[in-house]
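Trainee: got a sequence here, can you model it:
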Amino acid sequence: MSDSKAAGPVLIELDAAPEVSPAQAPLVEAAPRPAAAMERAVQVAARPGSRLGRWFWALLLALVGFVASVALWDFVAGLLARNALLGGAATILVAILALVTCALAVREAAGFARLRRIDGLRQAAAAASDVDAARAVAARVARFYRGRAEMDWALARFAERQGDVFDTGGHLALAEQVLLAPLDQAATREIEAAARQVATVTAVVPLAFADVAAALFANLRMIRRIAEIYGGRSGALGNWRLTRAVMAHLVATGAVAVGDDLIGSVAGGGLLGKLSRRFGEGVVNGALTARVGVAAMEVCRPLPFEAQAPPRVTGLVRRALTGLFSAAKDPE
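Mentor: Modelled structure (predicted):
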């Protein structure tokens, strides 16, 4: 008869402590995020100004202009009293300066008028409820682009096909597909170029805030170019107003933040883990630039996206960064 003992816990003593502890494990880097400074810049640009602040800046500009005008008048009058020849030269220079200032003011007013005209076309298209209203809006869009050499073929094709459309949505769809399709392609190329530039600068330049400065400059230039493509050319004040409208659209639609799902779909699964963190930040900033570009298209376009879908950010970033991704892939 054998003695049996109940099985109990087994204790195994290690002679030496483990060489690696959890505290010594390497840190796992999080996925890159958009630069916080860029997000703050978008939010600041989209923030509506207060009425008190507008009154302050208007009164300050009026006071500065009044003081400068009085000082300039006293300078010219004193110069005329001292020397008629020098006073006459100063008078001519002041007159030329006044003419140039008036020309700049007229250009700014014309830019604001074009932007208001585009806004009016978009609102009229959204409010068109019958065939006559839709036909009128489509005709207004055609008149808006009349006189541009690159739009002659599209305008001729639109005039040929307009008589074959008899429903409300067909007129706007025809204008969108025939007149705006080539402009959409040109705007898409501008977005891809800007996203490529921002991603390259972010990945290559190691200087602090250089990527943010390059991204802001590229975004402002891209917004101005997209506005010019759709016919919304404007001056400095008009560009600032347009930039605020684009940033407000971004904040309203919640498209400022770029999530991990977008980065994963753009970078392709685990590819981002094989790349440097700096390159990942370039992808994020490029995707944010593409989002700004799509918002600029929606703001500057005279007709909303109905018959055609707006460009997808993932597709824009893929085409913009094709060369970078092909060079970064591991050899198989």
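
Trainee: can you give me the helices in the stretch 151-300 of the chain?
Mentor: 152-161, 168-174, 181-204, 210-229, 236-253, 260-267, 271-274, 277-300 (DSSP state H, counting those that start in this stretch).

Trainee: chain center to the helix or strand just after the last one, what's the gap?
Mentor: Later in the chain than helix 277-300, the nearest helix or strand by DSSP states H and E is helix 313-320. Relative to the mean C-alpha coordinate of its chain, helix 313-320 is positioned 15 Å out (CA atoms, centre = their mean, to the nearest Å).

Trainee: please apply the same query to stretch 287-294.
Mentor: With CA atoms, centre = their mean, you get 6 Å for stretch 287-294.

Trainee: quick one, domains of the protein?
Mentor: Following automatic domain parsing, the chain resolves into domains at 65-127, 128-179, 182-328.

Trainee: which stretch among the helices of the stretch 151-300 of the chain comes nearest residue 107?
Mentor: Checking these against residue 107 by CB to CB gives helix 236-253 as the closest, at 8.8 Å. No exception for glycine: its C-beta is placed from N, CA and C like everyone else's.

Trainee: residue 129 and residue 168 touch, don't they?
Mentor: Yes - under the criterion of CB atoms under 8 Å, residue 129 is in contact with residue 168, at a separation of 7.1 Å.

Trainee: between the two, which has more neighbouring residues?
Mentor: A side-by-side neighbour count of residue 129 and residue 168, using other CB atoms under 10 Å, places residue 168 first with 16 against 9.

Trainee: now the more buried one. Nearest residue, chain neighbours left out?
Mentor: residue 134 (4.6 Å; CB to CB, 6 or more residues apart in numbering).

Trainee: report the contact partners of the one you found.
Mentor: 125, 128, 168, 169, 170, 171, 172 (CB atoms under 8 Å, 6 or more residues apart in numbering).

Trainee: now render the residues you listed as CSV, adding pLDDT and distance to residue 248.
Mentor: What follows is these, written out as CSV (pLDDT from 0 to 100; distance: CB to CB, whole Å):
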residue, pLDDT, distance to residue 248
125, 87, 20
128, 82, 25
168, 73, 30
169, 77, 28
170, 83, 32
171, 83, 30
172, 86, 25
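
Trainee: farthest pair in those?
Mentor: 125 and 170 (13.1 Å).

Trainee: which of those two has more neighbours?
Mentor: residue 125 (23 against 18).

Trainee: please, where are all the strands along the stretch 1-150 of the chain?
Mentor: Counting by DSSP state E, counting those that start in this stretch, one finds no strands in the stretch 1-150 of the chain.

Trainee: in it, which spans are helices?
Mentor: 36-46, 51-82, 84-127, 131-144.

Trainee: just name the most buried of the ones you listed.
Mentor: Neighbour counts (mean count of other CB atoms under 10 Å) averaged over each of the helices of the stretch 1-150 of the chain peak at helix 131-144, with a mean of 18.

Trainee: can I get that helix in PDB, CA atoms only?
Mentor: Output of helix 131-144 as PDB, limited to C-alpha atoms (Å, rounded to 0.1, in the frame of the first residue of the first chain):
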ATOM      1  CA  VAL A 131     -37.200  74.000 -63.400                       C
ATOM      2  CA  ASP A 132     -37.200  77.700 -64.200                       C
ATOM      3  CA  ALA A 133     -35.200  78.600 -61.000                       C
ATOM      4  CA  ALA A 134     -32.700  75.800 -61.700                       C
ATOM      5  CA  ARG A 135     -32.300  76.900 -65.300                       C
ATOM      6  CA  ALA A 136     -31.700  80.500 -64.200                       C
ATOM      7  CA  VAL A 137     -29.000  79.400 -61.700                       C
ATOM      8  CA  ALA A 138     -27.200  77.300 -64.300                       C
ATOM      9  CA  ALA A 139     -27.300  80.200 -66.800                       C
ATOM     10  CA  ARG A 140     -25.900  82.500 -64.100                       C
ATOM     11  CA  VAL A 141     -23.000  80.100 -63.500                       C
ATOM     12  CA  ALA A 142     -22.300  80.000 -67.200                       C
ATOM     13  CA  ARG A 143     -22.300  83.800 -67.400                       C
ATOM     14  CA  PHE A 144     -20.000  83.900 -64.400                       C
END
